[in-house]
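Visitor: no sequence on this one, just coordinates:
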């Protein structure tokens, strides 16, 4: 047997943390001396503590680690590994995007350009949009995970034998632009619907298309990274207020040119739409 101090050195974990593991039932000493409450661990538990350390390096929570260790079939481990791989892939992609943005900014700065003040101009248009048949998924997610939601919609389209017919749209239901509202927009818990136009209507047990109602919209084209698209929103809101219109529903973005086109994020093209009515 090993004392808690010896086991602490073997497992490279503090005695305080070992006591916490005991408390939550993650790894318990095999024997506790009733006279002095000293804890003792056995040799077979060395693999257990090493396994816990490895799973912590994978950024699993202690609750997730408990579930993994409890399930001897490894199905829980496979599920959590898949989730964690997806999470890290998303984080890596986000970091790569930031790195590209930083390098581009440095290049502009070295050329003497003003990188902190935008020189964009916007052309505001009004159009009546037609009804559109779409396949969509609505979910409350982080704005950083919109790409995953888009992928799921495309997966449902191809599984159902449908064909995409137009640009991807994202509708933002909780971006409340009512002048009388002071509600906050939560970047990490946004109510978003990803819609992709399809060639026909369909209703099955698992997949159903819907019709996006058309109507009067004011819109403008934004060229640049999604992180700066707020400029287009500001221009449209100013135009709506100055021209005696009111917002008639949630806004949406339509992606004209994005990451799939293999261009720089500074060349992304997005059309921003607001449904409107006359006051």
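Guide: Looks like it came in fine. Every value quoted in this text rests on a predicted model; they were computed, and no experiment measured them. Numbering: from 1, shown residues only.
Visitor: packing partners for the longest helix anywhere in the chain?
Guide: When the chain is parsed with DSSP state H, its longest helix is helix 75-110. Under the contact definition 3 or more CB pairs under 8 Å, 6 or more residues apart in numbering; DSSP states H and E, helix 75-110 sits against helix 62-70, helix 146-159. No exception for glycine: its C-beta is placed from N, CA and C like everyone else's.
Visitor: again, only this time at 10 Å
Guide: Applying 3 or more CB pairs under 10 Å, 6 or more residues apart in numbering; DSSP states H and E, one finds that helix 75-110 contacts helix 45-57, helix 62-70, helix 146-159.
Visitor: what mean pLDDT does stretch 125-135 have?
Guide: What stretch 125-135 shows for mean pLDDT is 96.
Visitor: isn't residue 64 right up against residue 52?
Guide: No. Applying CB atoms under 10 Å as the test, residue 64 and residue 52 come out as separate, 11.2 Å apart.
Visitor: those two: who's more crowded?
Guide: residue 52 (22 against 18; other CB atoms under 10 Å).
Visitor: residue contacts, that one?
Guide: 11, 13, 17, 21, 26-27, 60, 62, 65-66, 68-69 (CB atoms under 10 Å, 6 or more residues apart in numbering).
Visitor: at 7 Å what do you get?
Guide: 26-27, 65 (CB atoms under 7 Å, 6 or more residues apart in numbering).
Visitor: surely residue 164 and residue 157 touch.
Guide: Yes. Counting by CB atoms under 7 Å, residue 164 touches residue 157, with 5.9 Å between them.
Visitor: hmm, back to that, what's the angle between the longest helix of the chain and helix 62-70?
Guide: 140 degrees (axes from the mean of the first three to the mean of the last three CA atoms, to 10 degrees).
Visitor: the helix or strand following helix 75-110: how far from the chain's middle?
Guide: As assigned by DSSP states H and E, the chain's next helix or strand after helix 75-110 is strand 125-129. Taking CA atoms, centre = their mean, to the nearest Å, one finds strand 125-129 lying 30 Å from the centre of the chain it belongs to.
Visitor: list the helices and strands the next helix or strand after strand 125-129 packs on?
Guide: Downstream of strand 125-129, the next assigned helix or strand under DSSP H and E is strand 132-141. Under the contact criterion of 3 or more CB pairs under 7 Å, 6 or more residues apart in numbering; DSSP states H and E, strand 132-141 touches helix 146-159, strand 190-197, strand 210-212.
Visitor: by contact count, what packs against the helix or strand just after the last one?
Guide: Tracing the chain past strand 210-212, the next element assigned as helix or strand by DSSP H and E is strand 215-223. Secondary-structure packing of strand 215-223 (3+ CB pairs under 7 Å, 6+ apart): strand 125-129, helix 230-242, strand 269-278.
Visitor: buried stuff in the longest helix of the chain?
Guide: 76-77, 80, 97, 101 (16 or more other CB atoms under 10 Å).
Visitor: and the two most separated of these?
Guide: Pairwise distances across the buried residues of helix 75-110 peak at 37.7 Å for 76 and 101 (criterion: CB to CB).
Visitor: tell me the centre residue of this protein?
Guide: Central residue of the chain (CA atoms, centre = their mean): residue 145, 2.1 Å from the mean position.
Visitor: distance check, the nearest residue to it once chain neighbours are set aside against residue 150.
Guide: Leaving aside its chain neighbours, residue 145 sits nearest to residue 90 (6.5 Å; criterion: CB to CB, 6 or more residues apart in numbering). Distance, residue 90 to residue 150, by CB to CB, to the nearest Å: 13 Å.
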